[in-house]
Each structure stands twice: as C-alpha cells, then as structure tokens.
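Just to be clear, the model below is a prediction. Sequence and coordinates:
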Amino acid sequence: MRGPGSRPRKPSPEYSRVFVTLFAGGFLVVTGVIGYDVRHLRGLFQGGRWVEAPIWWQILVGLGLLLLAWFFIRRLPARWMMAIAPRRIMMNVGSGKSRGAGRTPGATRAIEAGDARPAPGDPPP
C-alpha cells in the first residue's frame, strides 16, 4: 500500500537484468529442447523453423543465460529476499519472576538434582 503523496516505485535495473536473462534463457532452452530453430526469428515466433532433433547450441546458450540469471539473483539486495527464520522454542516465558524463568530444562534439572549452583538471587533448595 502506498501512502498519500507517495509515488510508485520505479523498477530497478537489477531486477530488469534478472527477468530478461531468465526469460531469454528459458525461451532458448524450451525452444531448443522441442526443436524450434530460432536463428531466423522475426518477432517472438515468426520465421522460426521446426527441425527433427534438439538444437544443442540453443540449449547450451539458454543454460548459460539461466546460470547468469542465477548469478544476478544472488547479487540482489538482501532486503528483498525472503528468509524464513527457524522458530525458537521459548521455555518459561513470563515476567521473569518465577524460579525457572530464563533457564533451559537441563539447567533446571541440574539445580533440582543438586549438581549445579543456583543463580544469584534464587532461594536455597
């Protein structure tokens, strides 16, 4: 959502590079695999010819462009990539006034068993 008085954002050249190389690479790979020769194209599909076998130079050039697009994607600013952070398990969540607040289950068991010293401020067991 845009606020009042804000202008729409202009697409950045980094994204344009990614989309163009992805489209061109995918187009060449697909047309090469299905045997559609694009050497004499005018426009998107005019002037192409069907051949009997896959066209290996198109497939290789298309794969090269897809690798280049992957490189461009890796160089995009990190703030635009969605990263899913692992969920943290919170133990003894509360106001911090309970005896076990902020401790892991293993440390609490060790204190109860008498194997570890209690934290400062804890009452003696």
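Cool, got the structure. Numbering: from 1, shown residues only.

Name the next helix or strand following the lengthiest helix in the chain along the chain.
In the chain, with assignment by DSSP state H, the single longest helix is helix 13-34. Counting by DSSP states H and E, the next helix or strand C-terminal to helix 13-34 is strand 36-37.

Pairing partners for that next one, with directions?
With DSSP bridges as the test, strand 36-37 is paired with strand 49-50 (antiparallel).

Would you mind listing the outside residues contacting the partner strand?
Where contact means C-beta atoms under 8 Å, 6 or more residues apart in numbering, the residues beyond strand 49-50 that reach it are Gly35, Tyr36, Asp37, His40. Bear in mind the C-beta positions are built from the backbone N, C-alpha and C, glycine included.

What is the burial count for the nearest residue to the first one once chain neighbours are set aside?
Nearest residue to Gly35, sequence neighbours excluded (C-beta to C-beta, 6 or more residues apart in numbering): Val51, at 4.9 Å. Neighbouring residues of Val51 were enumerated by other C-beta atoms under 10 Å; the total is 12.

In contact with Val51, which residues?
Neighbouring residues of Val51 by C-beta under 8 Å, 6+ apart: Gly35, Tyr36, Asp37.

Pull out the buried residues from those.
Tyr36, Asp37 (16 or more other C-beta atoms under 10 Å).

Which single one of the contacts of Val51 is nearest to Phe27?
Taking C-beta to C-beta as the measure, Phe27 sits nearest to Tyr36 out of the contacts of Val51, at 9.8 Å.

Do you know the pLDDT at that closest one?
Confidence at Tyr36, expressed as pLDDT, is 90.

show me the contacts for it.
Contact partners of Tyr36, counting by C-beta under 8 Å, 6+ apart, are Gly48, Arg49, Trp50, Val51, Ile55.

6 Å instead?
Counting by C-beta atoms under 6 Å, 6 or more residues apart in numbering, Tyr36 makes contact with Gly48.

Name whatever forms a beta bridge with it.
Judged by DSSP bridges, the bridge partners of Tyr36 are Trp50.

Confidence-wise, which helix or strand of this structure is lowest on average?
In the chain, the helix or strand scored least confidently by mean pLDDT, DSSP states H and E is helix 105-113, which has a mean of 59.
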